[in-house]
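*Asks:* sharing a sequence plus its predicted fold:
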Amino acid sequence: MGRCCDRGDEVVSTKKVRVKDIGKRGDEVLCPIGPEDLFELPPPYNESEPAWKELSEATIDKVVCNLDGVVALSIPKPKDEAEEKEYVEKFRIGLTKLLEKNNNWTFLQPLMLSLEYCVNCQSCNEACPVFTSSGGKEIYRPTYRAEVLRRLVAKYTKPGGKLFSRFTHGDIDLNWTTITRLYELAYRCTLCRRCAQACPIGIDNGLISRELRKLFSQELGWAAKELHEKGTVLQLEVGSSTGMNEVVVKDNIEFIDEDMADETGIEVTTPWDKEGADVLLIHNAGEILSWPENPGAFAIILDAAGIDWTLSSESVGYDGVNYGLFYDDVQLSRVTVKHAEAAKKLKVNKIVAGECGHQHKAMLTVSDRVLTGDLAVKRESCLTLLEEIVFSGKIEFDPSKNDFPVTLHDPCNIVRNLGIVEPQRRILRYLCPQFREMTPHGVDNYCCGGGSGFAVMSPNNFTDWRVSVGGRMKLKQILDAFADQPGPEVPKYLCAPCSNCKGQIRDLLQYYDVLEKSNITYGGLVELIVNAMVDVKKPFIKWEMH
Ligand code: SF4
Ligand code: SF4
């Protein structure tokens, strides 16, 4: 595998990495990880684990790689000591601002509670899919990065902190090594918040990762390229993080409408910019390019149910992505205001969020802090609307058309974080005779491993990490759910009503050849609904990797 230590650098013992080691080891890899560290998957996936990508010499020479041998963020090596000091000072200032009401108007209270009340019982560790999949690497322990932050706060923001810290166990120096390792470490957490749910007092170590990302972004200008330059910046400039402008998105939807008519025999014309519509549907625009059958299925269902709906061609109004949720409050706010303005302009009754988990969290809850006064717009999940439609009697269904094994992935942001658990299950129990739950499921689900923006991040050797470490527990759950028919003879469907989860699941299934070995494909919820419609004569589900 491509660790920096392949070049002969000294590697710190992985067994006893202490919290204070984060700032003490120069350029060395603090805690290397590779495929040999991971727990064994069920047969036949236990026969061989894919090798990890080697980092190129050019990468190793150019970017910082001092945490675990994985490079998600490509921080350029500093030119000189002055540059190092400049960033360390920015971090120190950011640390202070993170704890101020005026500078952290979004998450200060839960952050302070999480920093101040941890009793160090370690009950959260086993809940973390990253920690367990890695074979228990110290640096991935949910409390590790929280404890680093806690000690830095105590030393650098409290009166007499430096003096006092000298006498306490585990003093951490704020230096270039500390901040670069901590930056990478903030991107080894999927923000799934499973640890917060396991904690007896609700300490949110996921929030701590997120707030660290915010500090790095807002104070140092450091953020994952895929989330910032290619994410929110592109979305605000062009209209969508996919790069589609208004003309391109309309063209693509027109093509999807035609395709749907060919596939199903049902004529659909997606409405654009319909003033006064009841529903403004906002998809994650990635669906339009990568999974066009999903917006196509939505159009068929909404039309068949007689819903008064529209899409918006306003810039950002046709893309529900909001990667600011994962790393930056300012970018989060800019995007969310655009969504509300698109709804206001069309005078719709409400926005309905399509099948996208982080869009749900950003749009339905976190944005409450921003969308006040004139910007307060009604917002709803597509899952509750779909439940209403399916049980309204307006569409005739034949569940026998879905008579194949189906299981459900619970997107963390929709289920654990928003509590939308039952609507999607009621639909699947009704329309899919062979529906079975994963273990555990609902609010106890495991993240797909693509949470917090990871699904769109594939630099250097990070794909190996996010798929085989981040997604390992999920893959095991999927295989276990179909353990009664494990082979390729029976086609099986994994329902994942979230665009980012689907991106990660596609990579996960491809990485381990799951379609070939187990004949498991994946897709959204609306595809299953359309597949069961009596009026749709041909099978809508495609048994292929897409
Ligand atoms: S975060 Fe909660 S569960 Fe984890 S060690 Fe602290 S108190 Fe215990
Ligand atoms: S939020 Fe999820 S990935 Fe992050 S530390 Fe908690 S359990 Fe682990």
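*Replies:* Nice, I can see it. Computed from a predicted model, the values in this text were never measured in an experiment. Numbers count the residues shown, from 1 in each chain. Ligands and ions are numbered 1, 2, ... in the order given.

*Asks:* can you give me the helices in the stretch 401-546 of the chain?
*Replies:* Here the stretch 401-546 of the chain has its helices, by DSSP state H, counting those that start in this stretch, at 422-431, 462-465, 472-481, 499-511, 514-518, 526-531.

*Asks:* quick one: the first one to chain centroid distance?
*Replies:* Relative to the chain's own centre, helix 422-431 is displaced by 24 Å; criterion: CA atoms, centre = their mean, to the nearest Å.

*Asks:* ditto for the last one
*Replies:* Computed by CA atoms, centre = their mean, the chain-centroid distance of helix 526-531 equals 24 Å.

*Asks:* which strands or helices does it pack on?
*Replies:* Judged by 3 or more CB pairs under 8 Å, 6 or more residues apart in numbering; DSSP states H and E, helix 526-531 is in contact with helix 293-304, helix 382-390, helix 422-431. All C-beta spots, glycine's among them, are computed from the backbone N, C-alpha and C.

*Asks:* so which of these is nearest ligand 2?
*Replies:* Ligand 2 sits nearest to helix 422-431 of all the helices and strands packed on helix 526-531, at 21.5 Å, using CB to the nearest ligand atom.

*Asks:* quick check: angle from the closest one to helix 382-390?
*Replies:* If you take axes from the mean of the first three to the mean of the last three CA atoms, to 10 degrees, helix 422-431 sits at 40 degrees to helix 382-390.

*Asks:* show me what helix 422-431 is packed against.
*Replies:* Packed next to helix 422-431, using 3+ CB pairs under 8 Å, 6+ apart, are helix 382-390, strand 406-408, helix 526-531.

*Asks:* put the alpha carbons of that helix into PDB.
*Replies:* The C-alpha trace of helix 422-431 is given here as PDB (Å, rounded to 0.1, in the frame of the first residue of the first chain):
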ATOM      1  CA  GLU A 422     -41.100   4.700   9.100                       C
ATOM      2  CA  PRO A 423     -42.400   6.300   5.800                       C
ATOM      3  CA  GLN A 424     -39.900   4.500   3.600                       C
ATOM      4  CA  ARG A 425     -40.500   1.200   5.500                       C
ATOM      5  CA  ARG A 426     -44.200   1.300   5.200                       C
ATOM      6  CA  ILE A 427     -43.800   1.700   1.400                       C
ATOM      7  CA  LEU A 428     -41.300  -1.200   1.200                       C
ATOM      8  CA  ARG A 429     -43.400  -3.500   3.400                       C
ATOM      9  CA  TYR A 430     -46.400  -2.800   1.100                       C
ATOM     10  CA  LEU A 431     -44.700  -2.900  -2.300                       C
END
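
*Asks:* residues in contact with it?
*Replies:* Residues outside helix 422-431 that contact it (CB atoms under 8 Å, 6 or more residues apart in numbering): 381, 383-384, 386-387, 390-391, 397, 399, 402, 406, 408, 435, 495, 497, 525, 528-529, 532.

*Asks:* 7 Å instead?
*Replies:* 383-384, 386-387, 390, 397, 399, 402, 406, 408, 435, 495, 497, 525, 528-529, 532 (CB atoms under 7 Å, 6 or more residues apart in numbering).

*Asks:* list, one by one, the residues from the stretch 251-400 of the chain near ligand 2.
*Replies:* Residues of the stretch 251-400 of the chain lying close to ligand 2 by CB under 6 Å from any ligand atom: none are found.

*Asks:* relative to ligand 2, which of the helices of the stretch 401-546 of the chain is closest?
*Replies:* helix 472-481 (10.1 Å).

*Asks:* for the closest one, what is the distance to the chain centroid?
*Replies:* With CA atoms, centre = their mean as the basis, helix 472-481 stands 18 Å off its chain's centre.

*Asks:* residue contacts, residue 71?
*Replies:* Here residue 71 is in contact with 55, 59, 63, 65, 459, 460, 461, 462 (CB under 7 Å, 6+ apart).

*Asks:* neighbours around the residue nearest to it when sequence neighbours are not counted, how many?
*Replies:* Distances taken as CB to CB, 6 or more residues apart in numbering place residue 460 nearest to residue 71, at 4.1 Å, with adjacent residues excluded. Counted with other CB atoms under 10 Å, the neighbours of residue 460 add up to 22.

*Asks:* again, but for residue 481
*Replies:* Residues near residue 481, counting by other CB under 10 Å: 21.

*Asks:* pretty sure it contacts residue 440?
*Replies:* No. In terms of CB atoms under 7 Å, residue 481 does not count as a neighbour of residue 440; the distance is 11.2 Å.

*Asks:* same list, the contacts of residue 71, but only the ones touching ligand 2.
*Replies:* Answer for the contacts of residue 71 near ligand 2: none qualify (CB under 6 Å from any ligand atom).

*Asks:* which of those ranks first by neighbour count?
*Replies:* That'd be residue 65 among the contacts of residue 71, by other CB under 10 Å, with 28 neighbours.

*Asks:* how close does that one sit to ligand 1?
*Replies:* Taking CB to the nearest ligand atom, to the nearest Å as the criterion, residue 65 is separated from ligand 1 by 29 Å.

*Asks:* so what's the residue count around the residue in the stretch 351-500 of the chain that ligand 1 sits nearest to?
*Replies:* The nearest approach of the stretch 351-500 of the chain to ligand 1 comes at residue 444, 15.5 Å away (CB to the nearest ligand atom). Counted with other CB under 10 Å, the neighbours of residue 444 add up to 15.

*Asks:* and the one 5 residues further on, by the same measure?
*Replies:* The criterion is other CB under 10 Å. On that basis, residue 449 has 29 neighbouring residues.

*Asks:* if we can go back for a sec, the residue nearest to residue 71 contacts residue 60, doesn't it?
*Replies:* No. The pair residue 460 and residue 60 does not pass the contact test of CB under 7 Å, sitting 9.8 Å apart.

*Asks:* ok, back up a step: could the helices and strands packed on helix 422-431 go into TSV alongside mean pLDDT, mean neighbour count and distance to ligand 1?
*Replies:* Shown next, in TSV, are the helices and strands packed on helix 422-431 (pLDDT from 0 to 100; neighbours: other CB atoms under 10 Å; distance: least, CB to the nearest ligand atom, whole Å):
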stretch	mean pLDDT	mean neighbour count	distance to ligand 1
helix 382-390	98	21	30
strand 406-408	98	23	28
helix 526-531	98	25	37
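
*Asks:* distance to residue 504 added to these, as a markdown table?
*Replies:* Putting these into a markdown table (distance: least, CB to CB, whole Å) gives the following:
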| stretch | distance to residue 504 |
| --- | --- |
| helix 382-390 | 20 |
| strand 406-408 | 16 |
| helix 526-531 | 18 |
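
*Asks:* which regions of the stretch 151-300 of the chain lie under the pLDDT threshold?
*Replies:* Low-confidence segments of the stretch 151-300 of the chain, defined by pLDDT under 70: 162-170.

*Asks:* 90 - rerun?
*Replies:* 158-171 (pLDDT under 90).

*Asks:* all strands of it, in order?
*Replies:* 279-282 (DSSP state E, counting those that start in this stretch).

*Asks:* residue 343 and residue 361: what is the separation?
*Replies:* 18 Å (CB to CB, to the nearest Å).

*Asks:* ok, now residue 473?
*Replies:* For residue 473, the distance to residue 361 - CB to CB - is 21 Å.
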